[in-house]
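Student: Got a sequence here, can you build the structure:
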Amino acid sequence: MKLRWQIFWHLFFWAIAVSFLIFIAHDDSKISANDILVLFVLYPIINIGLFYLNYLVFIPRFLDKKKYSIYAIAIVSSLIIFGLGKYGLAVVFKEYILMRTKGHIVGFLSYFLSTIFTSLIFLFLSTALKFTADWFLNERIQRDLENQRLSAELAFLKSQINPHFLFNSLNSIYSLAYQRSETTPEAILKLSEIMRYMLYECNDNKVDLAKELQYLHNYIDLQKIRFSNKAYIDYKVDGAIASQQIVPLLLIAFIENAFKHGVANDPLTPIRLLIDVDAENLHFYIQNKKHTNNRDPAGGIGLNNVKRRLDLLYPHKYNLDIRDEADTYTVELSLVL
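Tutor: So this is what the prediction gives:
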(Lines give C-alpha, C1' and ligand atoms only; values in the text may rest on other atoms or scores of the structure.)
Protein backbone atom coordinates (compact mmCIF):
# COMPACT_ATOMS: atom_id res chain seq x y z
CA MET A 1 0.00 0.00 0.00
CA LYS A 2 1.35 3.41 -0.93
CA LEU A 3 2.34 5.81 1.84
CA ARG A 4 -0.38 8.36 1.13
CA TRP A 5 -3.06 5.69 1.38
CA GLN A 6 -1.60 4.45 4.67
CA ILE A 7 -1.72 8.00 6.04
CA PHE A 8 -5.27 8.43 4.79
CA TRP A 9 -6.57 5.25 6.44
CA HIS A 10 -4.79 6.02 9.71
CA LEU A 11 -6.28 9.53 9.82
CA PHE A 12 -9.67 8.18 8.85
CA PHE A 13 -9.61 5.60 11.65
CA TRP A 14 -8.58 8.07 14.37
CA ALA A 15 -11.10 10.65 13.19
CA ILE A 16 -13.90 8.07 13.37
CA ALA A 17 -12.75 6.81 16.80
CA VAL A 18 -12.48 10.29 18.36
CA SER A 19 -15.74 11.41 16.77
CA PHE A 20 -17.48 8.34 18.17
CA LEU A 21 -16.19 9.07 21.69
CA ILE A 22 -17.28 12.72 21.44
CA PHE A 23 -20.70 11.65 20.19
CA ILE A 24 -21.17 9.31 23.15
CA ALA A 25 -19.95 11.93 25.64
CA HIS A 26 -22.13 14.64 24.14
CA ASP A 27 -25.25 12.66 25.13
CA ASP A 28 -24.22 12.89 28.80
CA SER A 29 -25.59 16.18 30.13
CA LYS A 30 -23.07 16.16 33.00
CA ILE A 31 -20.11 16.51 30.62
CA SER A 32 -19.35 20.05 29.51
CA ALA A 33 -17.68 21.27 26.34
CA ASN A 34 -14.43 21.77 28.27
CA ASP A 35 -14.60 18.17 29.47
CA ILE A 36 -14.95 17.02 25.86
CA LEU A 37 -12.02 19.23 24.78
CA VAL A 38 -9.70 17.85 27.45
CA LEU A 39 -10.84 14.24 27.69
CA PHE A 40 -11.60 13.51 24.05
CA VAL A 41 -9.24 15.81 22.16
CA LEU A 42 -6.10 16.60 24.17
CA TYR A 43 -5.77 13.18 25.78
CA PRO A 44 -6.36 11.25 22.53
CA ILE A 45 -3.63 13.36 20.89
CA ILE A 46 -1.20 12.31 23.64
CA ASN A 47 -2.19 8.64 23.42
CA ILE A 48 -2.04 8.64 19.63
CA GLY A 49 1.41 10.24 19.88
CA LEU A 50 2.56 7.37 22.11
CA PHE A 51 0.98 4.92 19.64
CA TYR A 52 3.06 6.23 16.72
CA LEU A 53 6.21 6.69 18.79
CA ASN A 54 6.15 2.96 19.39
CA TYR A 55 4.90 2.12 15.86
CA LEU A 56 7.33 4.27 13.88
CA VAL A 57 10.39 4.54 16.16
CA PHE A 58 10.73 2.01 18.94
CA ILE A 59 9.68 -1.14 17.05
CA PRO A 60 11.69 -0.50 13.83
CA ARG A 61 14.82 0.73 15.62
CA PHE A 62 14.92 -1.57 18.62
CA LEU A 63 12.46 -4.47 18.59
CA ASP A 64 12.91 -5.45 14.92
CA LYS A 65 16.69 -5.36 15.42
CA LYS A 66 16.41 -7.55 18.53
CA LYS A 67 17.63 -4.81 20.87
CA TYR A 68 15.20 -5.98 23.52
CA SER A 69 16.81 -4.30 26.53
CA ILE A 70 16.91 -0.91 24.79
CA TYR A 71 13.29 -1.39 23.67
CA ALA A 72 12.21 -2.19 27.22
CA ILE A 73 14.00 0.90 28.56
CA ALA A 74 12.37 3.05 25.85
CA ILE A 75 8.91 1.70 26.70
CA VAL A 76 9.28 2.18 30.46
CA SER A 77 10.72 5.69 29.98
CA SER A 78 7.86 6.61 27.65
CA LEU A 79 5.26 5.34 30.10
CA ILE A 80 6.75 7.46 32.88
CA ILE A 81 7.20 10.58 30.73
CA PHE A 82 3.74 10.36 29.16
CA GLY A 83 2.20 9.52 32.55
CA LEU A 84 3.77 12.61 34.13
CA GLY A 85 2.69 14.68 31.14
CA LYS A 86 -0.89 13.50 31.50
CA TYR A 87 -0.83 14.26 35.20
CA GLY A 88 0.51 17.74 34.51
CA LEU A 89 -2.34 18.29 32.07
CA ALA A 90 -4.74 16.97 34.70
CA VAL A 91 -3.45 19.47 37.25
CA VAL A 92 -4.01 22.33 34.79
CA PHE A 93 -7.58 21.15 34.18
CA LYS A 94 -8.14 19.58 37.58
CA GLU A 95 -11.72 20.79 37.81
CA TYR A 96 -12.50 18.68 34.72
CA ILE A 97 -10.25 15.70 35.44
CA LEU A 98 -9.07 15.31 39.03
CA MET A 99 -12.12 16.75 40.78
CA ARG A 100 -14.70 14.14 41.72
CA THR A 101 -18.04 14.36 43.47
CA LYS A 102 -18.21 15.94 46.94
CA GLY A 103 -15.00 17.86 46.27
CA HIS A 104 -12.78 14.79 46.33
CA ILE A 105 -9.56 15.10 44.29
CA VAL A 106 -7.88 12.01 42.82
CA GLY A 107 -4.36 11.48 44.18
CA PHE A 108 -1.19 11.39 42.10
CA LEU A 109 -0.48 7.64 42.44
CA SER A 110 -4.01 6.55 41.63
CA TYR A 111 -4.24 8.82 38.60
CA PHE A 112 -0.70 7.96 37.42
CA LEU A 113 -1.40 4.21 37.50
CA SER A 114 -4.62 4.72 35.53
CA THR A 115 -2.70 6.63 32.83
CA ILE A 116 -0.12 3.82 32.70
CA PHE A 117 -2.91 1.32 32.03
CA THR A 118 -4.34 3.48 29.23
CA SER A 119 -0.86 3.96 27.71
CA LEU A 120 -0.24 0.20 27.77
CA ILE A 121 -3.43 -0.32 25.74
CA PHE A 122 -2.19 2.04 23.01
CA LEU A 123 1.28 0.45 23.08
CA PHE A 124 -0.30 -2.99 22.68
CA LEU A 125 -2.46 -1.80 19.79
CA SER A 126 0.49 -0.22 17.98
CA THR A 127 2.62 -3.35 18.47
CA ALA A 128 -0.19 -5.60 17.23
CA LEU A 129 -0.77 -3.39 14.19
CA LYS A 130 2.95 -3.26 13.37
CA PHE A 131 3.40 -7.01 13.56
CA THR A 132 0.21 -7.63 11.59
CA ALA A 133 1.27 -5.16 8.87
CA ASP A 134 4.76 -6.68 8.73
CA TRP A 135 3.27 -10.17 8.49
CA PHE A 136 1.08 -9.22 5.53
CA LEU A 137 4.04 -7.43 3.90
CA ASN A 138 6.26 -10.49 4.33
CA GLU A 139 3.53 -12.73 2.96
CA ARG A 140 3.21 -10.51 -0.11
CA ILE A 141 6.98 -10.50 -0.60
CA GLN A 142 7.06 -14.29 -0.29
CA ARG A 143 4.24 -14.60 -2.82
CA ASP A 144 6.05 -12.28 -5.21
CA LEU A 145 9.27 -14.26 -4.82
CA GLU A 146 7.41 -17.53 -5.33
CA ASN A 147 5.68 -16.15 -8.43
CA GLN A 148 9.03 -15.00 -9.78
CA ARG A 149 10.52 -18.43 -9.10
CA LEU A 150 7.60 -20.18 -10.80
CA SER A 151 7.78 -17.78 -13.75
CA ALA A 152 11.48 -18.48 -14.12
CA GLU A 153 10.88 -22.23 -13.92
CA LEU A 154 8.08 -22.05 -16.48
CA ALA A 155 10.27 -19.99 -18.79
CA PHE A 156 12.99 -22.62 -18.46
CA LEU A 157 10.56 -25.45 -19.14
CA LYS A 158 9.18 -23.64 -22.17
CA SER A 159 12.68 -22.97 -23.45
CA GLN A 160 13.26 -26.73 -23.49
CA ILE A 161 10.26 -27.33 -25.73
CA ASN A 162 11.52 -25.64 -28.88
CA PRO A 163 14.95 -27.31 -29.00
CA HIS A 164 13.40 -30.67 -28.13
CA PHE A 165 10.75 -30.35 -30.84
CA LEU A 166 13.22 -28.97 -33.38
CA PHE A 167 15.65 -31.79 -32.69
CA ASN A 168 12.99 -34.44 -33.38
CA SER A 169 11.61 -32.64 -36.45
CA LEU A 170 15.03 -32.08 -38.00
CA ASN A 171 15.76 -35.76 -37.55
CA SER A 172 12.61 -36.53 -39.50
CA ILE A 173 13.44 -34.07 -42.29
CA TYR A 174 17.02 -35.36 -42.39
CA SER A 175 15.64 -38.83 -43.08
CA LEU A 176 13.59 -37.44 -45.96
CA ALA A 177 16.54 -35.55 -47.38
CA TYR A 178 18.78 -38.61 -47.04
CA GLN A 179 16.23 -40.60 -49.03
CA ARG A 180 16.03 -37.76 -51.60
CA SER A 181 12.29 -37.62 -51.02
CA GLU A 182 10.30 -35.19 -53.15
CA THR A 183 8.32 -34.25 -50.04
CA THR A 184 11.36 -32.68 -48.33
CA PRO A 185 10.47 -29.08 -49.41
CA GLU A 186 6.87 -29.57 -48.22
CA ALA A 187 8.17 -30.87 -44.89
CA ILE A 188 10.46 -27.88 -44.48
CA LEU A 189 7.54 -25.53 -45.27
CA LYS A 190 5.33 -27.31 -42.75
CA LEU A 191 8.09 -27.08 -40.16
CA SER A 192 8.45 -23.35 -40.79
CA GLU A 193 4.71 -22.87 -40.15
CA ILE A 194 5.01 -24.82 -36.92
CA MET A 195 8.04 -22.86 -35.76
CA ARG A 196 6.33 -19.56 -36.60
CA TYR A 197 3.49 -20.52 -34.28
CA MET A 198 5.88 -21.59 -31.55
CA LEU A 199 8.01 -18.46 -31.76
CA TYR A 200 5.44 -15.72 -32.31
CA GLU A 201 2.06 -16.92 -31.06
CA CYS A 202 2.97 -18.80 -27.87
CA ASN A 203 4.27 -15.92 -25.79
CA ASP A 204 1.05 -15.48 -23.81
CA ASN A 205 0.12 -17.64 -20.85
CA LYS A 206 -2.78 -19.06 -22.83
CA VAL A 207 -3.67 -19.28 -26.50
CA ASP A 208 -6.83 -20.05 -28.42
CA LEU A 209 -7.52 -23.76 -28.34
CA ALA A 210 -8.34 -23.68 -32.05
CA LYS A 211 -4.81 -22.41 -32.85
CA GLU A 212 -3.23 -25.01 -30.61
CA LEU A 213 -5.19 -27.79 -32.33
CA GLN A 214 -4.18 -26.45 -35.73
CA TYR A 215 -0.58 -26.60 -34.57
CA LEU A 216 -1.08 -30.26 -33.60
CA HIS A 217 -2.68 -30.91 -36.98
CA ASN A 218 0.35 -29.41 -38.74
CA TYR A 219 2.66 -31.62 -36.72
CA ILE A 220 0.65 -34.70 -37.67
CA ASP A 221 0.84 -33.64 -41.34
CA LEU A 222 4.60 -33.31 -40.96
CA GLN A 223 4.82 -36.84 -39.62
CA LYS A 224 2.67 -38.14 -42.48
CA ILE A 225 5.13 -36.58 -44.91
CA ARG A 226 7.96 -38.25 -43.06
CA PHE A 227 6.24 -41.64 -43.49
CA SER A 228 5.49 -40.93 -47.17
CA ASN A 229 1.82 -40.58 -46.32
CA LYS A 230 1.85 -44.07 -44.84
CA ALA A 231 1.35 -42.93 -41.27
CA TYR A 232 -2.04 -44.00 -40.02
CA ILE A 233 -3.71 -41.96 -37.32
CA ASP A 234 -7.33 -41.91 -36.26
CA TYR A 235 -7.68 -38.27 -35.25
CA LYS A 236 -10.96 -36.80 -34.04
CA VAL A 237 -11.97 -33.55 -32.31
CA ASP A 238 -15.40 -33.19 -30.71
CA GLY A 239 -17.00 -30.19 -29.05
CA ALA A 240 -16.98 -26.43 -29.43
CA ILE A 241 -13.40 -25.17 -29.40
CA ALA A 242 -13.86 -21.63 -30.71
CA SER A 243 -14.14 -19.88 -27.35
CA GLN A 244 -11.72 -22.00 -25.31
CA GLN A 245 -8.12 -21.32 -24.35
CA ILE A 246 -5.26 -23.53 -23.21
CA VAL A 247 -1.65 -23.24 -22.14
CA PRO A 248 0.38 -23.47 -25.35
CA LEU A 249 2.53 -26.46 -26.32
CA LEU A 250 1.01 -28.63 -23.63
CA LEU A 251 -0.24 -31.61 -25.67
CA ILE A 252 2.45 -31.94 -28.31
CA ALA A 253 4.75 -34.11 -26.16
CA PHE A 254 2.16 -36.90 -26.04
CA ILE A 255 1.79 -36.91 -29.82
CA GLU A 256 5.56 -36.74 -30.34
CA ASN A 257 5.92 -39.70 -28.01
CA ALA A 258 3.34 -41.72 -29.98
CA PHE A 259 5.15 -41.20 -33.28
CA LYS A 260 8.63 -41.67 -31.84
CA HIS A 261 8.01 -44.82 -29.83
CA GLY A 262 4.88 -46.21 -31.49
CA VAL A 263 3.95 -48.01 -34.67
CA ALA A 264 2.51 -45.45 -37.07
CA ASN A 265 2.66 -47.29 -40.41
CA ASP A 266 0.32 -50.17 -39.64
CA PRO A 267 -3.22 -49.52 -40.93
CA LEU A 268 -4.58 -52.24 -38.61
CA THR A 269 -3.30 -50.48 -35.47
CA PRO A 270 -3.37 -46.75 -36.17
CA ILE A 271 -2.47 -44.17 -33.59
CA ARG A 272 -5.77 -43.21 -31.95
CA LEU A 273 -6.11 -39.57 -30.97
CA LEU A 274 -9.33 -38.16 -29.52
CA ILE A 275 -9.85 -34.65 -28.16
CA ASP A 276 -13.21 -33.93 -26.59
CA VAL A 277 -14.08 -30.42 -25.39
CA ASP A 278 -17.06 -29.13 -23.44
CA ALA A 279 -17.82 -25.85 -21.69
CA GLU A 280 -15.11 -26.20 -19.04
CA ASN A 281 -13.13 -29.37 -19.66
CA LEU A 282 -10.86 -30.96 -22.20
CA HIS A 283 -10.38 -34.70 -22.45
CA PHE A 284 -7.31 -35.85 -24.39
CA TYR A 285 -6.79 -39.49 -25.34
CA ILE A 286 -3.99 -41.02 -27.38
CA GLN A 287 -2.98 -44.64 -27.80
CA ASN A 288 -0.32 -46.26 -29.93
CA LYS A 289 1.00 -49.73 -30.53
CA LYS A 290 4.53 -50.12 -29.20
CA HIS A 291 7.54 -51.17 -31.26
CA THR A 292 8.61 -54.67 -30.27
CA ASN A 293 12.28 -53.76 -30.78
CA ASN A 294 12.11 -50.36 -29.09
CA ARG A 295 14.20 -50.47 -25.96
CA ASP A 296 14.12 -46.73 -25.23
CA PRO A 297 11.77 -45.75 -22.45
CA ALA A 298 8.81 -43.73 -23.63
CA GLY A 299 8.68 -40.16 -22.43
CA GLY A 300 11.99 -38.58 -21.52
CA ILE A 301 12.36 -34.82 -21.50
CA GLY A 302 9.04 -34.18 -23.23
CA LEU A 303 6.74 -35.99 -20.80
CA ASN A 304 8.65 -34.92 -17.70
CA ASN A 305 8.38 -31.36 -18.94
CA VAL A 306 4.64 -31.49 -19.54
CA LYS A 307 3.99 -33.12 -16.15
CA ARG A 308 5.83 -30.30 -14.41
CA ARG A 309 4.00 -27.65 -16.42
CA LEU A 310 0.67 -29.25 -15.54
CA ASP A 311 1.61 -29.13 -11.85
CA LEU A 312 2.50 -25.44 -12.08
CA LEU A 313 -0.21 -24.18 -14.43
CA TYR A 314 -3.17 -26.43 -13.62
CA PRO A 315 -2.77 -27.33 -9.93
CA HIS A 316 -5.59 -29.61 -8.78
CA LYS A 317 -7.29 -29.07 -12.15
CA TYR A 318 -6.06 -32.03 -14.13
CA ASN A 319 -5.85 -35.80 -14.07
CA LEU A 320 -3.15 -37.56 -16.05
CA ASP A 321 -3.32 -41.32 -16.54
CA ILE A 322 -0.43 -43.01 -18.39
CA ARG A 323 -0.66 -46.74 -19.04
CA ASP A 324 2.50 -48.42 -20.30
CA GLU A 325 1.29 -51.92 -21.15
CA ALA A 326 2.93 -54.82 -22.95
CA ASP A 327 1.74 -53.90 -26.48
CA THR A 328 0.22 -50.44 -26.15
CA TYR A 329 0.99 -47.08 -24.62
CA THR A 330 -2.00 -44.95 -23.61
CA VAL A 331 -2.27 -41.42 -22.28
CA GLU A 332 -5.47 -39.88 -20.96
CA LEU A 333 -5.53 -36.28 -19.76
CA SER A 334 -8.57 -34.56 -18.26
CA LEU A 335 -8.09 -30.84 -17.87
CA VAL A 336 -10.22 -28.00 -16.50
CA LEU A 337 -9.73 -25.19 -19.00
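
Student: tell me the mean pLDDT over the host helix or strand of residue 80?
Tutor: Following DSSP states H and E, one finds residue 80 within helix 68-92. Averaging pLDDT along helix 68-92 gives 87.

Student: quick check, residue 284 in a strand?
Tutor: Yes. Under DSSP: H, G, I helix; E, B strand; the rest coil, residue 284 falls within a strand.

Student: Numbering from 47 from now on, please.
Tutor: All right, first residue 47 from here; so that's residue 330.

Student: Run through the bridge partners of the nearest residue to it once chain neighbours are set aside.
Tutor: By the measure of C-beta to C-beta, 6 or more residues apart in numbering, the closest residue to residue 330 outside its immediate chain neighbours is residue 379, 4.2 Å from it. To be clear about C-beta, it is placed using only N, CA and C from the backbone, and glycine gets the same treatment. Counting by DSSP bridges, residue 379 forms beta bridges with residue 330, residue 366.

Student: Residue 379 - how many residues pack around it?
Tutor: With neighbours defined by other C-beta atoms under 10 Å, the count for residue 379 comes to 21.

Student: tell me the contacts of it?
Tutor: Applying C-beta atoms under 8 Å, 6 or more residues apart in numbering to residue 379 gives the contacts 297, 300, 328, 329, 330, 331, 364, 365, 366, 367.

Student: Got the domain ranges for the protein?
Tutor: In terms of domains, the chain is parsed into 49-189, 227-382 (source: automatic domain parsing).

Student: gap between the two ends of the longest one?
Tutor: With C-alpha to C-alpha, to the nearest Å as the measure, domain 227-382 spans 42 Å from end to end.

Student: What of stretch 220-235?
Tutor: Length of stretch 220-235, first residue to last, C-alpha to C-alpha: 14 Å.

Student: Buried residues in that stretch, which are they?
Tutor: 222, 227, 229, 230, 233, 234 (16 or more other C-beta atoms under 10 Å).

Student: swap in stretch 232-249?
Tutor: Neighbour counts over stretch 232-249 (16+ other C-beta under 10 Å) mark 233, 234, 236, 237, 240, 243, 244, 248 as buried.

Student: Can you give the contact residues for that stretch?
Tutor: Residues outside stretch 232-249 that contact it (C-beta under 8 Å, 6+ apart): 204, 207-208, 211-212, 215, 218-219, 222, 253, 257, 260-261, 264-265, 267-268, 271-272, 294-295.

Student: Got a quick ChimeraX command for the buried subset of those residues?
Tutor: Buried residues within those, by 16+ other C-beta under 10 Å, are selected in ChimeraX with:
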select :204,207,211,215,218,219,222,253,257,261,265,267,268,271,272,294,295
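
Student: I'd like the buried residues of stretch 220-235 laid out as a markdown table, including pLDDT, distance to residue 349 and secondary structure.
Tutor: Supplementary listing: the buried residues of stretch 220-235 in a markdown table, determined by pLDDT from 0 to 100; distance: C-beta to C-beta, whole Å; DSSP: H, G, I helix; E, B strand; the rest coil:
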| residue | pLDDT | distance to residue 349 | secondary structure |
| --- | --- | --- | --- |
| 222 | 75 | 26 | helix |
| 227 | 75 | 29 | coil |
| 229 | 77 | 29 | coil |
| 230 | 80 | 29 | helix |
| 233 | 81 | 25 | helix |
| 234 | 84 | 27 | helix |
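
Student: how about these, which pair is most distant?
Tutor: Using C-beta to C-beta, the buried residues of stretch 220-235 span at most 11.2 Å, a distance reached by 227 and 234.
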